[in-house]
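>>> Sequence first, predicted coordinates after that:
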Amino acid sequence: VNEFKRKAFALGIAISGTGVKNNFADPDPAVRAADVKRVIIWLEASARMGAPVLRVFSGEVPPAPHTWAQGADWVTECLRECLPHAERHGVILGLQNHGDLLNNADQCLEILGRFDSPWLGLVLDTGHFHTADPYADIARMIPHTVNWQIKERTHGNGPAGAFTDLPRLVKLIRAAGWRGYVPIETLSRRGEPYDPAVAVDALLGGLRVALGDTGASA
């Protein structure tokens, strides 16, 4: 962790956050307990590397006969276990909408609304609001956002994905008074060539143009 932090400093890269893979909605309590331990370990690692936010997942909707509501309750229990450690290490837990248990604003608000803590918020994934108007969901969730994953498409990397309207997105971000980082993420698409260096340059360039068009600094 220390070497990573030193290397980032040498390259002039600010660390806006990091992430961990977990499934807080798994029906197996042993799996959930192991993932809580993993998140707690990574909260300490995040603090050491200077990452202000640790991205966590809710997990997939549990299979039948379990329900979305049961999954949401399990996620809530796991987050409650992690939050004291987040506060102790000074790292914000960022729950990402990932097209899993969380794929619209109502679902995000249902879980976040169970807490009253400045150490929990949303990592807003612009590619995973699977609704008729994802920009409406984005606008509703910006006040609860602690970090971003801005993607090329508004519906992830599936065949129905439409290219993100970056000027429209930036206007929403600015209208909400967001002043933090706006990280980007590119994704490969099945059956299409993918060069991450080219994809990152294209998305970053488009975002910079959108920021300039709306009066923000790039």
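Okay, I see it. Numbers count the residues shown, from 1 in each chain.
>>> And what about the residue of the chain most remote from its centre, helix, strand or coil?
Largest separation from the mean C-alpha position in the chain: residue 65, at 28.3 Å (CA atoms, centre = their mean). Recorded secondary structure, residue 65: coil (DSSP: H, G, I helix; E, B strand; the rest coil).
>>> quick one: it and residue 27, what's the gap?
10 Å (CB to CB, to the nearest Å). Where C-beta positions appear, they are placed from N, C-alpha and C, glycine not excepted.
>>> secondary structure class for residue 109?
helix.
>>> Contacts only, for it.
Neighbouring residues of residue 109 by CB atoms under 8 Å, 6 or more residues apart in numbering: 140-141, 144.
>>> Report the separation between it and residue 81.
On the measure of CB to CB, residue 109 and residue 81 end up 21 Å apart.
>>> Mind listing residues that contact stretch 135-147?
By CB under 8 Å, 6+ apart, stretch 135-147 touches 16-17, 53, 55, 92, 94, 97, 104-105, 108-109, 112, 121-124, 126, 129, 131, 154, 165, 168-169, 172-173, 175-176, 178, 180-181, 183.
>>> Sort out for me which of these are in strands.
Among the contacts of stretch 135-147, the members found in strands (DSSP state E) are 53, 55, 92, 94, 121-124.
>>> Tell me the buried residues in the helix or strand hosting residue 210?
Per DSSP states H and E: residue 210 is located in helix 196-213. For helix 196-213, a neighbour-count test (16 or more other CB atoms under 10 Å) marks 199, 203, 206-207, 210-211 as buried.
>>> try stretch 75-85
For stretch 75-85, by 16+ other CB under 10 Å, it's 75-76, 78-79, 81-83, 85.
>>> Which residues outside that stretch are in contact with it?
Here stretch 75-85 makes contact (CB under 8 Å, 6+ apart) with 24-25, 32, 35-36, 39-40, 43-44, 56, 58-59, 93, 95, 101, 111, 114-115, 117, 119-120.
>>> Buried ones among the residues you listed?
Counted by 16+ other CB under 10 Å, the contacts of stretch 75-85 give 24-25, 32, 35-36, 39-40, 43, 56, 58-59, 93, 95, 101, 111, 115, 119-120 as buried.
>>> residue contacts, residue 63?
residue 27.
>>> my bad, should have said residue 186
151-152, 196, 199-200, 203.
>>> try 10 Å this time
Residue 186 is in contact with 150-153, 157, 194-204, counting by CB atoms under 10 Å, 6 or more residues apart in numbering.
>>> Now do it, the pLDDT please.
pLDDT for residue 186: 95.
>>> Against residue 150, how distant is it?
Residue 186 is 10 Å from residue 150, by CB to CB.
>>> Next: residue 48.
Taking CB to CB, one finds residue 48 at 27 Å from residue 150.
>>> between the two, which one's more packed in?
Under the neighbour definition other CB atoms under 10 Å, residue 48 and residue 150 were set side by side, and residue 150 has more, 23 against 14.
>>> got the contact list for the spatially most central residue of the chain?
Residue closest to the average C-alpha location in the chain (CA atoms, centre = their mean): residue 123, at 2.9 Å. The neighbours of residue 123, taking CB under 10 Å, 6+ apart as the test, are 17, 19, 53-57, 92-98, 145-149, 183.
>>> Now the buried members of those.
17, 19, 53-57, 92-98, 145-149.
>>> circling back to that earlier point, which members of the contacts of residue 109 occur in strands, if any?
Among these, no member falls in strands (DSSP E).
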